[in-house]
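> Predicted model and sequence follow; I will ask about them next.
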Amino acid sequence: MAENIRIRARLVDPQETGLTEVRVLMLHPMETGLRKNEAGDFVPAHYITQVHVRHGERTVLQARMTLAVSQDPLLSFRFRGGRAGDSVSVHWTDNRGRQMHQEALVA
Amino acid sequence: MTTPRRTFVVSAAPPAERLGASLAERPAERLADSLSGSLTNSLTVVGRRTLLTQGGAWGALAACGFGQAAHASAGPELAFDATSLEAALQAMGGHQLDSGQIILSLPETVDDGAFVPVSVTSHLPGTREISIVVEKNPNPLVVQFTLPEGTESQVSTRVKVAESCRVFAVVRTDEKVWSTSRAVQVQRGGCG
């Protein structure tokens, strides 16, 4: 489970004041409920509903997702104020109430 | 990539939701749907998104010949539960056509509708929220990003597109809701 969330956070230009680019890959089936398995039965819907990305304690991105986000959701965005070594963390919740948390350091 | 290994599962308990309960709520949900154009915060229906969390929401309901029942507790819920482009946009507060300040990037043609890369950049001052809406998906509103102060108003992700249609970027600023759209041709739909 260790790699269920992959985070890459890096300073866009280390010489400048910290604009930090964050890329997040969350390994998740994002099942719509429409797909059938080999036995011909519908695979139940299973998808991430909420994502929080934090820089330290501060929320820098919040996403509400539906089952129409692609499998293994990928997000990328930028926030201001990051420094090398700062913590960037990702927390997701899915429609079954599972939650996952991962943290990385700004490079 | 820096990879501190701190992953843990906080909770594996599924929500205690029963299909029966959701079915019983449907009449109220339909009412909410019909009121969607004039929804105010005073309208609250208990159904919420429980139905969406039931297994097989898209498939089962699509097969039954009707879209997902809309059920509302507030504006955002209504927008997510909307089953038409118009209802979704209306639930998001109506929208102004964009004046060129929103850049929506996605391929013109994709083989596989299951993975359509979409990137939205807003140059509108005071951008608070960016949403991606796919016209012909059963629930057009796919994802909604909330951007706090200090976060650039640019997000990229990948979405499923059921069939060739328009994709909208909807941007909420401090003052208004704006949108822009682009068409995408899909060879193989992304709902399966």
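Ah, there it is.

> Point out where the chain drops to low pLDDT.
Unless you meant another one, I'm taking chain A. In the prediction, chain A carries residues with pLDDT under 70 at positions A:1-3, A:17.

> Please refer instead to chain B.
Looking at chain B by pLDDT under 70, you get B:1-75, B:191-192.

> quick one, longest strand in it?
Among the elements of chain B assigned as strand by DSSP state E, the one spanning the most residues is strand B:177-188.

> mind saving the C-alpha coords of that one as PDB?
What follows is strand B:177-188, C-alpha atoms only, in PDB (Å, rounded to 0.1, in the frame of the first residue of the first chain):
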ATOM      1  CA  VAL B 177     -19.300  32.100 -12.800                       C
ATOM      2  CA  TRP B 178     -17.700  31.800 -16.200                       C
ATOM      3  CA  SER B 179     -17.300  29.000 -18.600                       C
ATOM      4  CA  THR B 180     -15.600  28.000 -21.900                       C
ATOM      5  CA  SER B 181     -15.900  24.800 -23.800                       C
ATOM      6  CA  ARG B 182     -14.200  22.700 -26.400                       C
ATOM      7  CA  ALA B 183     -15.400  19.700 -28.400                       C
ATOM      8  CA  VAL B 184     -13.700  16.300 -28.100                       C
ATOM      9  CA  GLN B 185     -14.100  13.400 -30.500                       C
ATOM     10  CA  VAL B 186     -14.100  10.000 -28.700                       C
ATOM     11  CA  GLN B 187     -13.500   6.800 -30.700                       C
ATOM     12  CA  ARG B 188     -14.300   4.500 -27.700                       C
END
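
> So what's the residue count around whichever residue of chain A sits closest to chain B?
Per C-beta to the nearest C-beta, residue A:44 is where chain A lies closest to chain B, at 2.9 Å. All C-beta spots, glycine's among them, are computed from the backbone N, C-alpha and C. The local packing of residue A:44 (other C-beta atoms under 10 Å in any protein chain shown) involves 18 other residues.

> Am I right that it is in contact with residue A:32?
No - if you go by C-beta atoms under 8 Å, residue A:44 and residue A:32 don't touch, sitting 9.9 Å apart.

> Could you pull out the helices in the chain for me?
Chain wasn't specified; assuming chain A. Remark: no helices are assigned in chain A by DSSP state H.

> actually it's chain B I care about, not the one you picked
Counting by DSSP H, the helices of chain B are B:19-34, B:50-53, B:57-64, B:75-81, B:85-91.

> can you give me the strands for chain A?
Counting by DSSP E, the strands of chain A are A:5-11, A:19-26, A:48-55, A:58-65, A:74-80, A:87-94, A:99-105.

> Could you export these to TSV, including columns for mean neighbour count and distance to chain B?
Shown next, in TSV, are the strands of chain A (neighbours: other C-beta atoms under 10 Å in any protein chain shown; distance: least, C-beta to the nearest C-beta, whole Å):
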stretch	mean neighbour count	distance to chain B
strand A:5-11	21	5
strand A:19-26	20	7
strand A:48-55	20	8
strand A:58-65	21	4
strand A:74-80	19	4
strand A:87-94	20	8
strand A:99-105	19	4
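
> Now do the nearest residue to residue B:161 once chain neighbours are set aside against residue B:134, distance only.
On the basis of C-beta to C-beta, 6 or more residues apart in numbering or on different chains, the spatially nearest residue to residue B:161 that is not a chain neighbour turns out to be residue B:113, at 4.3 Å. Using C-beta to C-beta, to the nearest Å, one obtains 9 Å as the distance from residue B:113 to residue B:134.

> Quick check: neighbours shared by the two?
Contact criterion C-beta atoms under 8 Å, 6 or more residues apart in numbering or on different chains; residues shared by residue B:113 and residue B:134: B:160, B:161, B:162.

> is it true that the first one touches residue B:190?
By that I understand residue B:160. Yes - here residue B:160 reaches residue B:190: they are 3.6 Å apart, a contact under C-beta under 8 Å.

> Residues that sit against both of these two, list them.
By C-beta under 8 Å, 6+ apart, the residues touching both residue B:160 and residue B:190 are A:68, A:70, B:113, B:114, B:115, B:116.
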